[in-house]
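Undergrad: sharing a model that was predicted from the sequence below.
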Amino acid sequence: MKTQYFNDVDENLVTTTLPNGLRLQVVPRQAYHKSYAIMTTDYGAIDTRFAPDGKKMVTYPAGIAHFLEHKLFEKEDHDAFDLFGETGASANAFTSATKTSFLFSATTQLTKNLQILLDFVQEPFFSESSVAKEQGIIGSEIQMYQDDPGWRVYAGLLENLFPNHPAHVDVAGTADSIAQITPEMLYTIHRIFYQPSNMTLVIVGNIDAAEIIDFVADNQAKKHFPAPQPIVRGVEADLQTADIIPYRELKMPVSRPKTLVGFKGQVAIPQTTRGWRYQLTIRLLLEVLFGDSSQLYQNWYDQGLIDDSFDFDFTNQRSFSYGLVGGDTDDPQALSAAIKRVLLHATAQSDLTSERVELIKRASLGKYYAGLNGLNGVANQLSALRFGQAQLFEFPEVLNSIGFDDVKQLISQIFQSDALTVLTMLPEGQS
Amino acid sequence: MQKEIKPGVWLIVLPTTQFKTTRINVQFLTPLRRATITKRTLLTSLLETNSKQYPTQAAMAAHLEALYGANFSIGVAREGRLHRIGVTMSTVDDRFTDQPLLPQAVAFLRSVLFAPNFHNDQFDQVTFDREKENLDHYLASLDDDRQTQAALGVQRLYFGVDPDQAIPSFGTREDLAPLTAVDLTDYYHQLMSQDQVMITVLGDVQEQQVEALFADWPLAARSRTMPAIAFDLPPHPEVLTQTKMVVAQQAKFDLAYHVTTDLMGPEYTAALVAEELFGGSSLSLLFTNVREKASLAYYASSMLDAFRGLMLVQTGIEGKAHDQVADLIQQQLAAVVNGEFSDKLLQSIKDGILDHQRAAYDSPRFLTNQALYQLLVPDAPQDFESFARRIQKVDRQAVQKAAAGMQLQATYFLTGEDSE
């Protein structure tokens, strides 16, 4: 067990790895009323291809990670959801491209809820009939997202950037793909990807770290797990630009057009402090260029080209990364062309100054501190970062190490015309 | 500390070291009227965009960045029969910065609220035109989100006879269209001189220091009477229904019920427990039976708006399942009325309410809102323990009685044209 105090942020982080490989991170917050625990496996929607026996690759249906997330709550004679509810706790779960997380928050009976969490995640029960029932529930979830224009634009952008990589596949899958899921497949995935050594548990709140770690260690020591087996993944990094679809239009009954410009990451970003610093640098660059304190934003806003739906972001996941810039506009052609011009001539932008970089670093630091107020955010971020590396509480130090030259040097690496794509959504009946 | 610093202007200071930020919240309160709702919303856009001292958005945004990315926002909300504009500024605590931010934050708020971007004594025409257009775009885009469209639709139906309650708390395109910069300027002066004002500061602060910072704010004395909050529309025997065909894969079916309540008294607590048991919690009958057991809906949940005597049920369903879902919802409410639930479930529901309430004490936003409710509702619980006592006192009979008083008044069905 290791305890670290981070003076810059006034936070303690306690970490340990249990004999079965489960990694624990605990952040005590004595002044808080609530505790929040999140258990995460390094397995998500893109991981449909893998070798269960370590040798022969198989491909499972799209949406199976999310399906398993739903199904894990249900047991032979009860639902884990109800067990949390009986204590007054709130439980939830979510699946992203590369992770699946299960969580609860509670203000009382923390150890009881922790036991429910560990038990339901680690003791699967899947049957033909429960799998069939779930297909109906997830079917309507997929439908619901199809009606959300913002989501459709975002999904469409990923389809443009990653046509041959599972990053473009809906986390929930399709009605057809989830119909192919069987209990055996779910058990196989659980055996490979839910082994303790592929999981982390983060607990933040009004707790005694040593007591909590002892409790989890006892719980794990009582359980039997098969010997750890190597995880052989069949999803390769997608860094090439040859197959990017440069432009597509979608139509829906929306009140105004929307457009997004995307750029595809062409270098693998390691899950280390260096990789984290690289991502922060890209985000700083985007903020310097497109943020609401830029002259560019002011001009576009004044011209009516953008409104406050205008946004930008950069995401790095295992095996792929991408950035996006865009929003609602009356003239999607003009906006996407203008965004592309800025990206491809970023070094010539008058907003790109060392003063602005320093100003935006200062703002990022403040927003980071404000973000530490919420326990959920702290725990979610800790579980998203790789264990033992690039710890959340080193943010001020990492941010301070980024200079104007670092920001400038990125431009030619990431903004290249063949890495760009545009996705536009038009109101139905308009061309 | 709670102090009336001028007639009709309250300052509440909540010192705490729990958070890494200091939150300043200024509320402007007035009786809810259709004639002013849209004006107030447009006014918040104007004040949030620029000011005399920061005449461009870029200048305002850069100043906030220099204050360590201070969060600044203005929003509107409805609380029963009153309308509020909430101005929030949140800054990082001094222990993480190289300069104290609270005095600068208060000075910034003062400059944006009291020295707007006026030219010739009225709002800058260019800013006005642009923000009016942006608000119009926003209001037009509400129907892009079917869930919002259905929720607003059922409320429009339910509150049909009362124009103040029937429209959204942020206004309508119809009311926006005729507004001019002169109208907004006049209304700005009226609001600044007549609205009740409540300022809350929460964080690692000293009461005297905070009081000194607000001492010279140019807020004149005004009426000390807080607008009444509770609204009640007498129930009618018939159920109003409306169906709207749209292009959508999933249908939305929303229902509005009349609820008898007494602000934050015993009828309210009983209604809250009954509502959570019926559809508010993930253990509720609605969630368990409509979503989990019958597999009919992706979501099905209820919420209580106690200040308006309203319970809203929102569902996302397959269009062809409408009748079946309607029956199932009715059956779940009947089950609560008939006492068809275990004591264990009732206790879990109460424990869940209390868990949420206790957890809310970790939120600066909740804590400032609590202070507001304590000023508006004399009977509001003063702390967690008094709230918990009231909830624990609610028994089976009280829950059944509260549920029996919930009367279906309106249903709104938004469905795809090609749903079979």
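TA: All right, it came through fine.
Undergrad: which SS class is the residue nearest the centre of chain B?
TA: Against the mean C-alpha coordinate of chain B, by CA atoms, centre = their mean, the closest residue is B:A77 at 4.7 Å. Assigned with DSSP: H, G, I helix; E, B strand; the rest coil, B:A77 falls in the strand class.
Undergrad: for the stretch 251-400 of chain A, what lies in contact range of chain B?
TA: For the stretch 251-400 of chain A, the contact set with chain B under CB under 8 Å from any CB of the partner chain comprises A:252-256, A:291-295, A:297-298, A:301-302, A:304, A:307-308, A:328, A:359-360, A:362-367, A:369-370, A:372-375. Where you see a C-beta, it was placed from the backbone N, CA and C, and this is true even at glycine.
Undergrad: surely A:Y60 and A:F193 touch.
TA: No. With contact defined as CB atoms under 8 Å, A:Y60 does not count as touching A:F193 (11.0 Å).
Undergrad: spell out which parts of the stretch 101-250 of chain A neighbour chain B.
TA: Residues of the stretch 101-250 of chain A lying near chain B (CB under 8 Å from any CB): A:105-108, A:133, A:136-137, A:140-141, A:143-144, A:146-149.
Undergrad: just the buried residues out of those, in PyMOL syntax.
TA: Listed next is the PyMOL selection for buried residues among these, using 16 or more other CB atoms under 10 Å in any protein chain shown:
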select buried, chain A and resi 105+106+107+108+133+137+140+141+143+144+147+148+149
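Undergrad: mind listing what the nearest residue to B:H236 once chain neighbours are set aside touches?
TA: Nearest non-adjacent residue to B:H236, counting by CB to CB, 6 or more residues apart in numbering or on different chains: B:Q409, 6.8 Å away. Taking CB atoms under 8 Å, 6 or more residues apart in numbering or on different chains as the criterion, B:Q409 is in contact with B:158, B:235-236, B:239-240, B:256-258.
Undergrad: now, the residues you listed that are in strands?
TA: Using DSSP state E, the members of these that fall within strands are B:240, B:256-258.
Undergrad: out of these, which is nearest to A:R283?
TA: B:A256 (43.4 Å; CB to CB).
Undergrad: in contact with the closest one, which residues?
TA: Going by CB under 8 Å, 6+ apart, B:A256 touches B:154-155, B:157-158, B:310-313, B:408-412.
Undergrad: the same query, at a cut-off of 10 Å, please.
TA: B:151, B:153-159, B:239-240, B:305, B:310-313, B:407-412 (CB atoms under 10 Å, 6 or more residues apart in numbering or on different chains).
Undergrad: which of those fall in strands?
TA: B:240, B:305, B:310-313, B:407-412.
Undergrad: how is chain A partitioned into domains?
TA: Here the domain parsing of chain A from automatic domain parsing is A:2-221, A:247-427.
Undergrad: tabulate the ones you listed (JSON lines), appending mean pLDDT.
TA: Below are the domains of chain A laid out as JSON lines (pLDDT from 0 to 100):
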{"stretch": "domain A:2-221", "mean pLDDT": "95"}
{"stretch": "domain A:247-427", "mean pLDDT": "95"}
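Undergrad: in a markdown table, list those along with distance to B:K293.
TA: Listed next are those as a markdown table, based on distance: least, CB to CB, whole Å:
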| stretch | distance to B:K293 |
| --- | --- |
| domain A:2-221 | 9 |
| domain A:247-427 | 29 |
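Undergrad: still on that earlier bit, which of the ones in strands among the contacts of B:Q409 lies closest to A:F126?
TA: When these are ranked by distance to A:F126 (CB to CB), B:Y257 comes first, at 38.6 Å.
Undergrad: run through chain B and note the low-pLDDT ranges.
TA: Chain B contains residues with pLDDT under 70 at B:417-420.
Undergrad: tell me which helix or strand residue 191 sits in.
TA: Assuming you mean chain A. helix A:183-193 (DSSP states H and E).
Undergrad: oops, wrong one, chain B.
TA: Per DSSP H and E: B:L191 is located in helix B:181-194.
Undergrad: do you have the strands of chain B handy? List them.
TA: B:2-6, B:9-15, B:21-31, B:71-79, B:82-92, B:118-119, B:122-123, B:196-203, B:240-246, B:251-258, B:297-305, B:310-317, B:407-416.
Undergrad: reformat those strands as JSON lines; add distance to A:I116.
TA: Listed next are these as JSON lines, based on distance: least, CB to CB, whole Å:
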{"stretch": "strand B:2-6", "distance to A:I116": "42"}
{"stretch": "strand B:9-15", "distance to A:I116": "35"}
{"stretch": "strand B:21-31", "distance to A:I116": "33"}
{"stretch": "strand B:71-79", "distance to A:I116": "36"}
{"stretch": "strand B:82-92", "distance to A:I116": "35"}
{"stretch": "strand B:118-119", "distance to A:I116": "60"}
{"stretch": "strand B:122-123", "distance to A:I116": "56"}
{"stretch": "strand B:196-203", "distance to A:I116": "34"}
{"stretch": "strand B:240-246", "distance to A:I116": "41"}
{"stretch": "strand B:251-258", "distance to A:I116": "33"}
{"stretch": "strand B:297-305", "distance to A:I116": "23"}
{"stretch": "strand B:310-317", "distance to A:I116": "28"}
{"stretch": "strand B:407-416", "distance to A:I116": "37"}
